[in-house]
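>>> Turn this into a structure:
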Amino acid sequence: MDPVPPGEPTPPRRVLPCDPRRVPAHAPAGRPHAPRRAHDICRGYVPTALLDTARRPHRRGHPRARLATHRSFGRGGKAPMRAIVVLCTTLAVAAACQPVDRKRQAANVADTTHPVDTTRVVPPPLPPPAPGATKMLTVAGFSTPESVLHDSTQDIYFVSNINGSPTAKDNNGFISRLRPDGAIENLKFIEGGRAGVTLNAPKGLAVTGDTLWVTDIDRIRAFNARTGTPLDSVRLDSAGAVFLNDIAIATTGAIYVTDTGIRFDDLGNVLHPGPDRVFRIGPDRKVSIAAKGDSLGWPNGITVDPVGKRFIIVSFGPTKTVLAWKPGDKAPKVIAKGPGGFDGVEVAGTKILVSSWTDSTVSAYESGQEVKVITGVPSPADIGYDAKRNRVLIPVFSGNRVEIWQLR
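Got it, this is the predicted structure:
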């Protein structure tokens, strides 16, 4: 490098912004530091004289311009190739350092301030499809619906609404009329506490002619199926009824009612003091015990099987059984077992349809074999069957709705 003319101050070193360090540790104090290696240039130590060569004004007659021209361009005013190469290389290396450092700084900031969560998110599993039915309608607006019955004479669905505790004698239960198209014709067609009606916690339903029979804790009640007018009431508390549940009417006109024998404590837990029984109410309204014993397994749903000329009873308790029973039999016969928690039962041709609280399904039993027909319906209570349309009618006890499913 050319020496500085006498009397002129030593030009200061220029430091590029690519490195926060201003002065290298090995630079002698008060002396310019000329880059001897490429990494020195990258750190930003570039002699001012090199940069001034390109930027210094060259006005004719100016002494400093003549001196700069003499030092930088030599004889004849032509720039040596070496000076140009050094200048271009210095600027290129210095410029290349800065973007790299900025990228590294940006990456470090991103790593510390915006960490990337690499935890794999697993979506919840989809409910299994219903293999044997298609949901047609969902009708909301009920209050603890327990049972659905299709009255083929009127082509109407009746829905019993407990509207509270299953054992409370609060006289606020009601019966709804639901059309097959899903429209609620009359939500409170029969309502406890109005028009001379007493109805506490209605559950099982059965119809014969124009008479609608309803179980209500420890008695059964009869109403006109067309007008809702109360017609009759049969007390079973004197016979020791605990929890009357479902009801079926034989071809002889006799009425059969299941007593599940359960109670509820203050916390809503199910207790089973028993006993397990099936009551019979004759045409003369005389009450008798048709069947009893632990083999009934907390009897819940009951229906007439016209093909087998028998009753089908399903257990809500731990026996998890589907039973066949005829009046006069010493004990019911086990024809199938399943998940348990059985509630409603209907006969559709040669198949027996049963709802289960245990696995939220409706299954079809035939020759002792179980086939899941409907799945993913929580708290399916006393189901009904529309033989005209081949439909299953499901009261969703805890969901306050009725689901209508088309069998395939």
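
>>> and the end-to-end length of stretch 313-332?
9 Å (C-alpha to C-alpha, to the nearest Å).

>>> Which parts of that stretch count as buried, going by neighbours?
Buried positions in stretch 313-332, judged by neighbour count with 16 or more other C-beta atoms under 10 Å: 313-317, 319-325, 332. Any C-beta I mention is one placed from the backbone N, CA and C, and that applies to glycine too.

>>> Compute the first-to-last residue distance for stretch 362-375.
One end of stretch 362-375 sits 7 Å from the other (C-alpha to C-alpha).

>>> contacts for it?
Stretch 362-375 is contacted by residues 127-133, 322, 335-336, 338-339, 348, 350-356, 359-361, 377, 380, 383, 392, 394, 405, 407 when judged by C-beta atoms under 8 Å, 6 or more residues apart in numbering.

>>> Of those, just the buried ones, ChimeraX syntax please.
Buried residues within the contacts of stretch 362-375, by 16+ other C-beta under 10 Å, are selected in ChimeraX with:
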select :130,132,133,322,335,336,338,339,348,351,352,353,354,355,356,359,360,361,377,380,383,392,394,405,407
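
>>> residues near the spatially closest residue to Val197 that is not a sequence neighbour, how many?
Nearest residue to Val197 in three dimensions, chain neighbours excluded: Pro230, at 5.5 Å (C-beta to C-beta, 6 or more residues apart in numbering). Using other C-beta atoms under 10 Å, Pro230 has 16 neighbouring residues.

>>> any idea how far Pro395 is from Pro230?
Pro230 is 23 Å from Pro395, where distance means C-beta to C-beta, to the nearest Å.

>>> next one: Arg235
In terms of C-beta to C-beta, Arg235 sits 26 Å off from Pro395.

>>> between those two, which one's more packed in?
Each of Arg235 and Pro395 has its neighbours counted (other C-beta under 10 Å); Pro395 has more, 27 against 12.

>>> Need the per-residue pLDDT for the more buried one.
What the model reports as pLDDT for Pro395 is 99.

>>> Contacts only, for it.
By C-beta under 8 Å, 6+ apart, the neighbours of Pro395 are 142, 145-148, 159-160, 380-383, 402.

>>> tell me which of those residues is nearest to Thr198?
Ser160 (14.4 Å; C-beta to C-beta).

>>> In what element of secondary structure is the closest one found?
strand 156-161 (DSSP states H and E).

>>> pLDDT on that strand, on average?
Rounded mean pLDDT across strand 156-161 is 99.

>>> name the helices or strands packed onto that strand?
Packing partners of strand 156-161 (3 or more C-beta pairs under 8 Å, 6 or more residues apart in numbering; DSSP states H and E): strand 145-151, strand 174-178, strand 202-208, strand 391-396.

>>> Cool, thanks, talk later.
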